[in-house]
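1. predicted coordinates and the sequence they were generated for:
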Number of protein chains: 2
Amino acid sequence: MEVLATDTEQLIKDTAKKVFFVDGNIHATTQDIADAAGINRASIHYYYRSRKLLFDKVFEEALIEMRSKLESIASASLPIKEKTEKFIDFFIERSMQHPYLELFIVTEHNSDPSIPLKIMPKDRHDEQMKYLEAEIAREVKAGNMKPIKPEHFIVTMMSLCSFPFLGKSIIESIFDMDKEGYAKFIKERKQVIMQLLFLDA
Amino acid sequence: MEVLATDTEQLIKDTAKKVFFVDGNIHATTQDIADAAGINRASIHYYYRSRKLLFDKVFEEALIEMRSKLESIASASLPIKEKTEKFIDFFIERSMQHPYLELFIVTEHNSDPSIPLKIMPKDRHDEQMKYLEAEIAREVKAGNMKPIKPEHFIVTMMSLCSFPFLGKSIIESIFDMDKEGYAKFIKERKQVIMQLLFLDA
DNA sequence: GTCTATAACAGGATAGAC
DNA sequence: GTCTATCCTGTTATAGAC
């Protein structure tokens, strides 16, 4: 943990987050960020030395925040249905705040796969997968799910949660939605996803 | 339709497609493309005048091809299950050929939402949606589907088809997959998707 | 039609005044 | 700590020789 950041330092970081994750300007220059923050371009270099370092800082913070939240959802020993619900809530809420963060993670991780995305160490990961497998088996037995491998379940859940935000502008365009139409659509998604994943939802 | 393109002109376009959509180098410079094509940078300007015009051309062609294929799938009067299967096949096949095309479409359409993505005019779109609605109702009655709005069905299908490719590197990273592991995973996806969408699959 | 040379410019980074 | 001025580099684009 650092000592208290000055106001300007924090302002730059917050503005960068807004420009990158809210406005979706992936190519934003230091000038763009400086303009958005109402400060001088040189100040960015004063506090962060380079554009790359600022970007890395902002991106890393976003990842850390995401990891810690996912970790706390994953580690709770809840039934799969409730866990899934929490997971969906987390995704929707986060994407409302930072609509483009998902896209950033995807593109950044494409160009640099060394960025660590794993939210937990291998042993805990394996443990969680086993837990998930058992939970699925339980639901299958109860007639609430069809059999599915845990990896496929997770990717399915990620697909259903991510794409409506990744493809926001595509969806709006295809279905001629305005802002409200899209918001309404997203609101309905949670139930749609739960009904897809669980036969008794 | 144009007259026969010279070899170099075609080579440049093909190379650009490879660099953008196969290698995923979204920031590729004219120099990068020239190098990949084994030609001189000036030739790109000779044939396409500017980087932007080349990019637009390549991107537009990809969109046209996609639109025409989707159009032919959509317009076939097949039962929803078979249409869905064709749709999944198309997506998987295309993403195998051009792994990054999807990501390009998403990011490009974000920065320029005026890019036309609709695959058909409004009246045909409405007609298709009604058809889809009726098909869903039929399957619901037969006990093969849960009720779902056509818009949600389409977005669900797109989500399930797109994300495994958009998030390729994330998936590989989370599950410690190598190239074969990922390929195997993708192969299994079609069945997983069909089982999710249709109760009798 | 293809190459070399060079212009023109944008963006990142630094020095130094204040 | 913030600003202006300046440098440096990478990239696009064009002119002109061949």
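-> Structure received.
2. list the buried residues in the longest helix along chain A.
-> Assignment by DSSP state H gives helix A:51-75 as the longest helix of chain A. For helix A:51-75, burial by neighbour count (16 or more other CB atoms under 10 Å in any protein chain shown) applies to A:Leu54, A:Phe55, A:Val58, A:Phe59, A:Ala62, A:Leu63, A:Met66, A:Lys69, A:Leu70, A:Ile73, A:Ala74. Placement of C-beta: from N, CA and C, glycine included.
3. need the next SSE after it, C-terminal direction.
-> Following helix A:51-75 in sequence order, the next helix or strand is helix A:80-97 (DSSP states H and E).
4. quick one: contacts of the longest helix of chain A?
-> A:12-13, A:16-17, A:20-21, A:29-30, A:33, A:44, A:47-48, A:83, A:86-87, A:90, A:94, A:98, A:101, A:104-105, A:108, A:115-117, A:119-120, A:124, A:128 (CB atoms under 8 Å, 6 or more residues apart in numbering or on different chains).
5. restrict the residues you listed to those near DNA strand D?
-> On the criterion CB under 7 Å from any atom of the strand, A:Tyr47 are the entries of those that sit beside DNA strand D.
6. now, which of the buried residues of helix A:51-75 sits nearest chain B?
-> Closest to chain B out of those is A:Leu70 (10.7 Å), distances taken as CB to the nearest CB.
7. and A:Glu102, what does it touch?
-> A:Glu102 sits next to A:Ser95, A:Ser162, A:Phe165, A:Leu166 when contact means CB under 8 Å, 6+ apart.
8. helix, strand or coil for it?
-> helix (DSSP: H, G, I helix; E, B strand; the rest coil).
9. and chain A, which residues reach DNA strand D?
-> A:Thr6, A:Asp7, A:Thr8, A:Ile39, A:Asn40, A:Arg41, A:Ala42, A:Ser43, A:Tyr46, A:Tyr47.
10. which of these are close to chain B?
-> Near chain B, judged by CB under 8 Å from any CB of the partner chain, there are no entries from the residues of chain A next to DNA strand D.
11. mark which of the residues you listed are buried, thanks.
-> Neighbour-count burial (16+ other CB under 10 Å) applied to the residues of chain A next to DNA strand D gives A:Ile39, A:Ser43, A:Tyr47.
12. ok, so of those, who is nearest DNA strand C?
-> Distance to DNA strand C, by CB to the nearest atom of the strand, is smallest for A:Ser43 among those, at 9.1 Å.
13. before we move on, back to that, save the residues of chain A next to DNA strand D as CSV, and put in pLDDT and secondary structure too.
-> Converted to CSV, the residues of chain A next to DNA strand D look like this (pLDDT from 0 to 100; DSSP: H, G, I helix; E, B strand; the rest coil):
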residue, pLDDT, secondary structure
A:Thr6, 66, coil
A:Asp7, 92, helix
A:Thr8, 96, helix
A:Ile39, 96, coil
A:Asn40, 97, coil
A:Arg41, 97, helix
A:Ala42, 97, helix
A:Ser43, 97, helix
A:Tyr46, 97, helix
A:Tyr47, 97, helix
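14. with respect to chain B, which of these is nearest?
-> Distance to chain B, by CB to the nearest CB, is smallest for A:Arg41 among the residues of chain A next to DNA strand D, at 21.6 Å.
15. state the distance from that closest one to DNA strand C.
-> 6 Å (CB to the nearest atom of the strand, to the nearest Å).
16. likewise A:Lys83?
-> In this view, A:Lys83 and DNA strand C are 41 Å apart by CB to the nearest atom of the strand.
17. got it, and A:Phe175?
-> In this view, A:Phe175 and DNA strand C are 34 Å apart by CB to the nearest atom of the strand.
18. columns distance to A:Ile193 on top of the residues of chain A next to DNA strand D, output as CSV?
-> Below are those laid out as CSV (distance: CB to CB, whole Å):
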residue, distance to A:Ile193
A:Thr6, 43
A:Asp7, 41
A:Thr8, 42
A:Ile39, 42
A:Asn40, 46
A:Arg41, 44
A:Ala42, 47
A:Ser43, 44
A:Tyr46, 46
A:Tyr47, 41
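19. worst-scoring helix or strand of chain A, pLDDT-wise?
-> helix A:101-111 (a mean of 89; mean pLDDT, DSSP states H and E).
20. give me the distance from the helix or strand just after it to the chain's centre.
-> Next helix or strand after helix A:101-111 toward the C-terminus (DSSP H and E): helix A:122-141. Distance of helix A:122-141 from its chain centroid, counting by CA atoms, centre = their mean, to the nearest Å, is 23 Å.
21. swap in stretch A:109-126?
-> 14 Å.
22. give the buried residues for it.
-> If you call a residue buried by 16+ other CB under 10 Å, then stretch A:109-126 has these buried ones: A:His109, A:Asn110, A:Ile115, A:Leu117, A:Ile119, A:His125.
23. which residues touch that stretch?
-> Taking CB under 8 Å, 6+ apart as the rule, stretch A:109-126 contacts A:63, A:67, A:70-71, A:74-75, A:105, A:108, A:128, B:24, B:26, B:100, B:103, B:168-170, B:172-174, B:176.
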